[in-house]
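# Sequence unavailable; structure follows:
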C-alpha cells in the first residue's frame, strides 16, 4: 500500500529535522542484550552522538540549494535550533551552487576574479568556508527531547588564518594568533593593544560563489553582440569576464572604441601605495586578459584609486607609476620619455595613445614591480603576443598613429634582443624601420630651422632651398605624419629615430646581419639631451659628417647620446669589413676607420669612475662608449692582419691583443671604483665581450698549435702572449657573466663560448654559410 504524500521528504534533511522519538520498550530490551562492544568506536556511528549541524553541512556540499529550504510542515524546535536555522538561511540567501550548475561552473574557472563592488567592507565578510564551522554560543544543541554533548572547537585547516591575517604583535614574535576582535588571546594575556594591519580576505568558496553569481547575471542579461558575430554568448563572456590562453582575442576582438586614458595617467601619477592583494595568486592568462581589457577598454579606467577600478586598471596604473618616477628605465627614454608617456595618456584628441605602445612597454616594467605575481616569466611573452596582434590590426586598418606604432615596434625589438631572441628582434626592428621611413624620421635634417627664435635666410640656406625645389619637381616626397608642432616634438622624433638606429645596428653587429639603414640616406641630426636652444636645433651634423670628416672632430663637445651612436657606428663598420666585397673593404677603408676611431678616443676624456654612472636616453654610459671604441680598434687591427703580406702579421695581431687589454683595463677601473656590477653597461657591452672573447679563443688556438717562428715570435714571446690571452679570456668571460642581470644574452653568450672552445662553432639549427667556401 502506497504511503500518502508527505512534504517533509522534499528536502533530504526533512526527516532529520524531526525530534528523535523516545526508544520503545522493545528497542530497550534489544540494547540490553546486545553483543558487548567498544563504545568509543561505535559511538562514532551513533546518530544520537552526531550534531545536526555536521550532517547538514556535509549534505550541503552534496545537494547544494536543496539544503536549507524551509519545510512547509516544519516548526522551530527550540530557541537554539531556530537561531541556527535563521543564520544558515542568511548565509545562503544569495545563491548556492547546485549540481545542475556544473556546466556553468566550468566556464567560470576561466574568468578573472571580479573586482569587489564599491563600498564593500572586507572586514564585514565572513571567513567561514562552511556553515558548520560557525562558532556556537551554546554549549549544547537542544532538540525536542534530546541533547548532544559539548563539541570540541573545530581545528580543521578551514579555520587557519589567511596569510597576513595575524595581528602585528603575533607577526613579530611568530605566535599563533587567534585573530579575535578587538583583541586576540595573546594580546589579552599581556594587556597589549591588538592591531591588525590587513583586512580579512574572503574564503575561496565565497569567491567562487560570487563569481558564479556574476556569471549567472551576465547570462540572464547578455550584452547585444554585433550582427556579424556568429557566437554572441561566447563573445559576451570573453569580452566582459576574461579569457583563457586558448581563447585570447583575435584581430577582430580589438575593433572597439579607443579608451580615455586620462584617468590612468592621473592614477599612475598618484599611485604611491599599491595593494597587490587584488591580483596576487592569479594565473598568467587571467592577468594578461585583465591587462588587455584595461588597455583596450575605457571602462576599466575609473578615476583615482577607488574600489571600482578593475584589476587590470590597477596593474597598469602601478606599472606606469614605476616608469614615470625615478629610477625608471633610462635605456629606453629615447624611444618614450616619461614626460611624453604622460602627455600621450592625457591626450583626449582624435588620436589617443595606441594600445600596442603600452603593451610594448609593460614587459620592461614587470621586473621593476615588487609583486612576485607580476614577475612570472610567462607574462611578457603572452603580452608581446597580443601586442603583435594589435600592430597587425593597425597595419590592416592603416592606423594613422604611426609614431606610436614605430615606438612600439622599436621597444619590442630591443626587448627581444635583450632576451636573446635574435630572429624575433630582427623582424620587429625591420618593421619599426618601415614605420620610421614612412614617417620621414630618417630625413629630419634642417627641420629645426623653422622652430628657432629668429629664422635668418643665409645665402647657404637660400641655395639649399632652391636646390631642393628642383629635386621635388621630378619626384614628390610625401610622409605619413604632419610636421612636428614645436622643437620639443622634433626632439622626440629625432631621439626615436636614433633609438631605432641603435637597435638595428646593434643587432646587426651582434648577429652579423646587414643593417636596414644606409649612411648616405640618413640626414637626421645627432641626438641631444635637450632641444630647448637655437644652437641645438640648428646643429645638423649627422653620420656622413662623422664618417667623412673634413676637419678633426672634438669628442668632448658631444653629448653622451651622440657619443654612444658614433661609437656603435664605428663598431658596425668595423664588423662589416669582414663581410663585404674586397673592392669595398679595402685597406684604405680600414685605415680610415682606425684614424677616425683613434681621433675620437684622443678627445673623448677619461673613464667614468663612479658607482652609479649616468645612463643616457639611448642606453649605455660613458664607460660603454669606451669599451665600444677599444673593441672597434681590436677588430680593425685584426682586419689589418688579414690584408698584410704573410710574415708581417706580428705587428697587427699584437695591436689587436693590446686593444683587447684596454677593454679589460676599463672593466678593472670601473670595478675598482666600487661598481662591481658594471652598472652602465648593457646589451651592447655583452655583445662586445662575446665577440672579443671569441677572437681571444681563436688567437689561443693559433699560438697553441703553430710554431712560434711562423708569426715572427720567439719561444719566450709566444709563451707570454699565450699567458696574456688566457688571462684576457677569463676576464672577458667574467665580465659577460656579470651582465647576467642586464640581459639574457649574458647566459647564452657564455654557453656559446664554451661550445666554441670545444670546437663547436654553431648552435643547433645553424649551418655555416656556404658563400665563398669551396
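Yep, that arrived. The model shown is predicted, which means the values in this text are computed figures rather than measured ones. Numbers count the residues shown, from 1 in each chain.
# What helices and strands are in contact with the helix or strand containing residue 716?
Assigned by DSSP states H and E, residue 716 belongs to helix 715-738. Here helix 715-738 touches helix 650-672, helix 683-705, helix 745-757, going by 3 or more CB pairs under 8 Å, 6 or more residues apart in numbering; DSSP states H and E. Every C-beta, even on glycine, is put in place using the N, C-alpha and C of the backbone.
# Would you mind getting the angle between the last one and helix 683-705?
Translated: helix 745-757. Interaxial angle, helix 745-757 versus helix 683-705 (axes from the mean of the first three to the mean of the last three CA atoms, to 10 degrees): 10 degrees.
# go on, the first one?
Taking the same axes, to 10 degrees, one finds that helix 650-672 is oriented at 130 degrees with respect to helix 683-705.
# what residue ranges in this protein score low on pLDDT?
For the chain, applying pLDDT under 70 flags the ranges 1-164, 198-204, 216-275, 298-308, 348, 350, 455-456, 706-709, 774.
# Serialize the helices and strands packed on helix 715-738 to TSV and add fields for mean neighbour count and distance to residue 446.
What follows is these, written out as TSV (neighbours: other CB atoms under 10 Å; distance: least, CB to CB, whole Å):
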stretch	mean neighbour count	distance to residue 446
helix 650-672	18	37
helix 683-705	21	30
helix 745-757	17	38
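# export the ones you listed to a markdown table and tack on distance to residue 615?
What follows is those, written out as a markdown table (distance: least, CB to CB, whole Å):
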| stretch | distance to residue 615 |
| --- | --- |
| helix 650-672 | 14 |
| helix 683-705 | 13 |
| helix 745-757 | 18 |
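# wait, which of those helices is closest to residue 361?
Among those, helix 683-705 comes nearest to residue 361, with 17.5 Å by CB to CB.
# circling back to that earlier point, and residue 296, which of the helices and strands packed on helix 715-738 is closest to it?
helix 683-705 (30.3 Å).
# tell me which strands and helices that closest one is in contact with?
helix 402-418, helix 487-511, helix 622-643, helix 650-672, helix 715-738, helix 745-757.
# Out of these, which one sits most buried?
By mean neighbour count, with neighbours taken as mean count of other CB atoms under 10 Å, helix 402-418 ranks first of the helices and strands packed on helix 683-705 at a mean of 26.
# which helices and strands does that one pack with?
Short answer (3+ CB pairs under 8 Å, 6+ apart): helix 402-418 packs on helix 355-365, helix 378-396, helix 422-439, helix 487-511, helix 683-705.
# Buried ones in the first one, by neighbour count?
Neighbour-count burial for helix 355-365 flags 355, 356, 357, 358, 359, 360, 361, 362, 363, 364, 365 (criterion: 16 or more other CB atoms under 10 Å).
# Among the residues you listed, which pair sits farthest apart?
Using CB to CB, the buried residues of helix 355-365 reach their maximum pairwise distance at 355 and 364, which is 16.1 Å.
# so can I have CSV of the buried residues of helix 355-365 showing distance to residue 393?
CSV is the format used below for the buried residues of helix 355-365 (distance: CB to CB, whole Å):
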residue, distance to residue 393
355, 10
356, 9
357, 14
358, 15
359, 12
360, 14
361, 18
362, 18
363, 19
364, 22
365, 23
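# ok, residues contacting the helix holding residue 716?
With contact meaning CB atoms under 8 Å, 6 or more residues apart in numbering, helix 715-738 is reached by 654, 657, 660-661, 663-664, 667, 676-678, 685-686, 689-690, 692-693, 696-697, 699-700, 703-704, 708, 713, 746, 749-750, 753.
# let's see 7 Å
With contact meaning CB atoms under 7 Å, 6 or more residues apart in numbering, helix 715-738 is reached by 657, 660-661, 664, 667, 677-678, 686, 689-690, 692-693, 696-697, 699-700, 703-704, 708, 713, 746, 749-750, 753.
# follow-up on the earlier one: out of the helices and strands packed on helix 683-705, flag the one nearest residue 292.
Taking these one by one with CB to CB, helix 402-418 is closest: 14.5 Å.
# so that closest one versus helix 378-396, what angle?
Using the same axes, to 10 degrees: helix 402-418 against helix 378-396 is 140 degrees.
# tilt between helix 402-418 and helix 487-511?
Using the same axes, to 10 degrees: helix 402-418 against helix 487-511 is 30 degrees.
# Now for residue 326, how many residues are close by?
As a burial measure, residue 326 scores 7 neighbours (other CB atoms under 10 Å).
# Residue 173 versus the closest residue to residue 347 other than its chain neighbours, what's the distance?
In this structure, residue 347 finds its nearest non-sequential neighbour in residue 353, 6.7 Å apart by CB to CB, 6 or more residues apart in numbering. In this view, residue 353 and residue 173 are 50 Å apart by CB to CB, to the nearest Å.
# In terms of neighbours, single out the busier of these two.
residue 353 (24 against 10).
# any idea which element the more buried one lies in?
Per DSSP H and E: nothing holds residue 353, as it lies in no helix or strand.
# show me what contacts it?
Counting by CB under 7 Å, 6+ apart, the residues that residue 353 touches are 261, 344, 345, 347, 404.
# ok, 8 Å please
Residue 353 neighbours (CB under 8 Å, 6+ apart): 261, 344, 345, 347, 401, 404.
# Filter these down to just the buried residues.
Of these, these count as buried by 16+ other CB under 10 Å: 261, 344, 345, 401, 404.
# which one among those gets closest to residue 634?
Looking across those and measuring by CB to CB, the closest to residue 634 is residue 404, at 39.9 Å.
# Skipping its backbone neighbours, what lies nearest that closest one in space?
residue 354 (3.8 Å).
# From residue 406, how far off is that neighbour?
Counting by CB to CB - residue 354 and residue 406 are separated by 10 Å.
# same check, this time on residue 370
Distance from residue 370 to residue 406, by CB to CB: 32 Å.
# same check, this time on residue 667
Taken as CB to CB, the span from residue 667 to residue 406 is 35 Å.
# Equivalent analysis for residue 400, please.
From residue 400 to residue 406 the distance is 12 Å (CB to CB).
# do the same with residue 688
27 Å.
# and if you look at residue 609?
Taking CB to CB, one finds residue 609 at 37 Å from residue 406.
# before we move on, back to that, dump the buried ones among the contacts of residue 353 to CSV, plus distance to residue 378.
Shown next, in CSV, are the buried ones among the contacts of residue 353 (distance: CB to CB, whole Å):
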residue, distance to residue 378
261, 26
344, 28
345, 27
401, 29
404, 26
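# Go through those and say which is closest to residue 419.
Looking across these and measuring by CB to CB, the closest to residue 419 is residue 404, at 22.5 Å.
# Could you measure from the closest one over to residue 508?
25 Å.
# ditto for residue 410
15 Å.
# what's the answer for residue 732, then?
21 Å.
# Let me see the ranges of the helices in the stretch 501-650 of the chain.
534-538, 543-547, 560-576, 587-603, 622-643, 650-672 (DSSP state H, counting those that start in this stretch).
# With residue 192 as the reference, name the closest of those helices.
Nearest of these (CB to CB): helix 650-672, 50.2 Å.
# could you check the angle helix 715-738 makes with the closest one?
40 degrees.
# Which elements pack onto helix 650-672?
For helix 650-672, the packing partners by 3+ CB pairs under 8 Å, 6+ apart are helix 622-643, helix 683-705, helix 715-738.
# 10 Å instead?
Under the contact criterion of 3 or more CB pairs under 10 Å, 6 or more residues apart in numbering; DSSP states H and E, helix 650-672 touches helix 587-603, helix 622-643, helix 683-705, helix 715-738.
# and of those helices, who's closest to residue 419?
helix 683-705 (10.0 Å).
# by how many degrees do that closest one and helix 622-643 diverge?
Interaxial angle, helix 683-705 versus helix 622-643 (the same axes, to 10 degrees): 40 degrees.
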